[in-house]
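K.L.:
Coordinates only, no sequence provided:
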């Protein structure tokens, strides 16, 4: 059986993104490389999301990443996207 193992996302602030994925979504920090501006975040199903610092973040048309959470209102941060 195939399963998604990891994916990479370009972010404007890798530390703020790391904190949000950890504190709001419950992912654990698998590794960090400060000099590269990268954090690898792992969920309970062993999916790893690499968050990489980028000057410009482009979201491809039609891209959707859907995560299941216990409380949408407590999790969502509408003031900005990380």
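P.N.:
That came through fine. It should be emphasised that the depicted structure is a prediction, and the values quoted were computed from it without experimental measurement.

K.L.:
When you work out contacts or count neighbours from here on, use the C-alpha atoms and nothing else.
P.N.:
OK.

K.L.:
gap between residue 15 and residue 42?
P.N.:
When distance is defined by C-alpha to C-alpha, to the nearest Å, residue 15 is 15 Å away from residue 42.

K.L.:
For the protein, which segments are assigned as strands?
P.N.:
Along the chain, counting by DSSP state E, strands occupy 6-11, 28-33, 38-42, 48-53.

K.L.:
nearest to residue 61, of the ones you listed?
P.N.:
Proximity to residue 61, assessed across those by C-alpha to C-alpha, is greatest for strand 6-11 (14.5 Å).

K.L.:
which residues does the spatially closest residue to residue 7 that is not a sequence neighbour contact?
P.N.:
The shortest distance from residue 7 to any non-neighbouring residue, by C-alpha to C-alpha, 6 or more residues apart in numbering, is to residue 49 (5.1 Å). Listed by C-alpha atoms under 8 Å, 6 or more residues apart in numbering, the contact partners of residue 49 are 6, 7, 8, 9, 40, 41, 42.

K.L.:
Check the residues you listed and tell me the two furthest apart.
P.N.:
9 and 42 (13.4 Å).

K.L.:
who has more neighbours, those two?
P.N.:
Shown here are residue 9 and residue 42; by other C-alpha atoms under 10 Å, residue 42 has more neighbours (21 against 16).

K.L.:
Identify the bridge partners of that one.
P.N.:
With DSSP bridges as the criterion, residue 42 is bridged to residue 28, residue 48.
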